[in-house]
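Student: give me coordinates for this.
(chains A and B)
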Amino acid sequence: PHTISPEVMQRTEAVPFFESLLQGDPEMSTAIAAIQTLMEFMNRNSAETVAELTSDLKGAMTELQTSDQSVASVASGCELFLRFITLTALDKPDFNECKQLLVERGQLYLQKAAQARQKIGKLGVPFIRDGATILIHSRSRVVLTLLKEAACCNKHCTVFVTESLPDRSGYIMQKSLQEAGIPAYVILDSAVGYIMERIDLVMFGAEGVVESGGIINKIGTYQMAVVAKAANKPVYAVAESFKFLRQYPLNQFEAPNKHKVGKTNKQSSV
Amino acid sequence: MSSSSSKRGSKDIPCSDDLGSAAAQTQAAVPSAKGEAPAVEQHGQTKRKTKAERRAEQKSAKEAKKVSKPPAKEPATDKKQKMTLEGSNAPKRVPSNIQVDDKKHQAKVAKKLAKQQAPPRTEVQRQVKMFSHLHQFKREESLTAHLSFASGGIHPAFLRLGLQYAEGKICGSNARCIGLLAAFKQVVRDYETPPDKALARDLDNRIKPYITFLAQCRPLSVSMGNAIKQLKVKIAQIPPDMPEEKAKDRLLTAIDRYLYEKITLADEAISKTYAQTKISNGDVILTFACSSIVVKVLKDAHHAGKKFRVIVVDSRPKLEGRECMRRLVQHGIPCSYVLLNALSYVMKEVSKVFLGAHALLANGYVMSRVGTSLVALVASSYNVPVLFCCETYKCCDRVQTDSFVFNELGDPEDLASAQSNGACSKLEGWRDIQQLNVLNLVYDLTPPDFITMVITEVGMIPCSSVPVVLRVIHSV
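Tutor: Next up is the predicted model:
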């Protein structure tokens, strides 16, 4: 029997809760924060049937995607969460038992997802050789975890980070790497072609992974990948499994706009 | 030592044994029989002899290893090991229709054909050497001229179907499969169980010669092969005690259901659910030859109000693109028509390529009308997305990487015949030129590198996911 929280969570409370989670822990992945919000929503929900609960959850998901902090991983994470928890036999007569089951599965999914970054770190370390020169793009917490893990395993790498305009998040990445004791140098976005001959491997994170196997990421990633292919350098993309989207874009133009354009940047379709 | 000397052939000099034993006595430190051979070689024997000695020495070394085992058991275990080895190394049976240059095999096939009353076809001489393992039939005046209408012969529905295939009147894998299943329905309706036989087994035996006849008229397509397999499964599932009318009804319903689910509904799903999302206003869509599913996709998109135009690419000798044009223009879709050699000229204004498939192979390759891989190649070099539309019943678990091993050869006279505008063909006297051979391939293979996406009724999948679809289908 689960504890019934004091008051029912309304749809409109989802976004403030989500944003407060992110502010409280800047290292948390946005998808994890979204899933935690959905868990809280489910716990404090007053629905009496599974169908109503599912529809309430879907409503909360739509609300979350309107948030300023939302990225592609929120959409994919929420959808996969919903699919995971309902992918079980929900034919118990008592609704409370069903809800208990859903909550348990939700906890399980959250646990697995929260550990995803660490797991990726451990799995990715064998791909980095000692003394490798790595090129990364913009700021990615998964890549940071991986590089920190490699440093712990006594692999001394040199890292080049692109400046990645317009938000210049490359500098933030450089600071985090230097704090972890990894020598990191910022290069201009236009210097990718110049530096490629000195690079051993290219690595980036992903906002979303699409059905054809490609990834959606910060602008400039595709350029880097094309130059790396021309120079025969291996390219690694690191992404948690909850970032897998149900999209199959044929080319750049077909990728959905909401994944391409930032929230504060209201432009017509590009 | 004694065993090794018994293995030596009669070529050996009689006194070699004495030499060997003498050598062994002098070289007391060398216990194994191996010591004999180098000592004997030092005496300058011929090359053949040293080889025989080496073989003998190897055999004796092997036996020396098995000293612990009782000698009586050895020959038995040896033989068993040899047999199991042979069983696992036995070559997989290669289908007979790609072994045309193997005379023994073809003699066996001819006997089987005669037993099943299927008419033999004349092979065209002057085949291209690289394709000599495939059948190349001449177009017959009348395939069934010598066929007797005695009872127990081929059912007339199948006779008609076979002739339609041979003439090319029914063309295209969906059409052929639908024709086949319609003929099967007729056979089932006309079928009467003989008094002391089970329906399942007898019907199965009845159908065998029909299928052989069809294969003689034109090699079976993958879609037809899968349909026949399914039908045989359904026939085998009929319990022996079921009354005949009920069994026939069940079979007819099963065939109807297969047609409806695998072809009609699948086409609807491919067109309305998935392909529509990939067509947008202002698109220029290229298609090759005539594919029923692609025509349906374009027709449905046009009726849904999307504004696009189509370029139809055509090639000899079948000129199927004209049929495609005719169907599209009937629905009011603006079309252009080019031949295959104009492909690189039009490709720069194309935004998408939609192609049909004959079969999806298990390694991600797609088998389709010859010329398709060319279109896919040029499209991918211009970075134009290539989309194949294919129902899942055309997936087969064959693996092929080239268009040579398994293909169909058409009649070379089709290429050498007069042009459609009445002009005389340049190739008319090709048989007089000894060094000239004419090749008329029907299918070719498109590698997965050129394919952006395959649209099936289970979703839009990258072509490397075809084994997953196969697994899902077989598990159901």
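Student: quick check: the spatially closest residue to B:A357 that is not a sequence neighbour vs B:F450, distance?
Tutor: Excluding its sequence neighbours, the residue lying closest to B:A357 (C-beta to C-beta, 6 or more residues apart in numbering or on different chains) is B:C390, at 4.0 Å. For glycine as for every other residue, the C-beta is placed from the backbone atoms N, C-alpha and C. Look at B:C390 and B:F450: by C-beta to C-beta, to the nearest Å, they are 15 Å apart.
Student: these two: which is more packed in?
Tutor: B:C390 (27 against 20; other C-beta atoms under 10 Å in any protein chain shown).
Student: pretty sure that one contacts B:V294?
Tutor: No: counting by C-beta atoms under 8 Å, B:C390 stays clear of B:V294, with 10.2 Å between them.
Student: enumerate the residues of chain A near chain B.
Tutor: A:E211, A:S212, A:G213, A:Y248, A:L250, A:N251 (C-beta under 8 Å from any C-beta of the partner chain).
Student: three-state assignment of the third one?
Tutor: By that I understand A:G213. coil (DSSP: H, G, I helix; E, B strand; the rest coil).
Student: doesn't B:P462 make contact with it?
Tutor: Yes: A:G213 is within contact range of B:P462, at 6.5 Å (criterion: C-beta under 8 Å).
Student: of these two, which one has the most company?
Tutor: Counted by other C-beta under 10 Å, A:G213 and B:P462 do not tie: B:P462 has more neighbours, with 17 against 10.
Student: got a list of what that one touches?
Tutor: Counting by C-beta atoms under 8 Å, 6 or more residues apart in numbering or on different chains, B:P462 makes contact with A:E211, A:S212, A:G213, B:P448, B:I451, B:M453, B:V454.
Student: of those residues, grab the buried ones for ChimeraX.
Tutor: A single ChimeraX command selects the buried members of the contacts of B:P462 (16 or more other C-beta atoms under 10 Å in any protein chain shown):
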select /A:211,212 /B:448,451,453,454
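Student: closest one to A:V202 out of the contacts of B:P462, please.
Tutor: A:G213 (16.8 Å; C-beta to C-beta).
Student: most centrally placed residue in the chain?
Tutor: No chain was given, so I picked chain A. A:S73 (4.8 Å; C-alpha atoms, centre = their mean).
Student: nope, chain B please
Tutor: In chain B, the centroid-proximal residue (C-alpha atoms, centre = their mean) is B:F406; its distance is 5.0 Å.
Student: what pLDDT is listed against it?
Tutor: We have a pLDDT of 88 for B:F406.
Student: surely it meets B:Q400?
Tutor: Yes: with contact defined as C-beta under 8 Å, B:F406 counts as touching B:Q400 (5.9 Å).
Student: before we move on, the earlier item: are we agreed that the residue nearest to the centre of chain A is in a helix?
Tutor: Yes: per three-state DSSP, A:S73 lies within a helix segment.
Student: tell me, how many neighbours does the closest residue to chain B within chain A end up with?
Tutor: Relative to chain B, the nearest point of chain A is A:L250 (4.1 Å; C-beta to the nearest C-beta). A:L250 has 18 neighbouring residues, counting by other C-beta under 10 Å.
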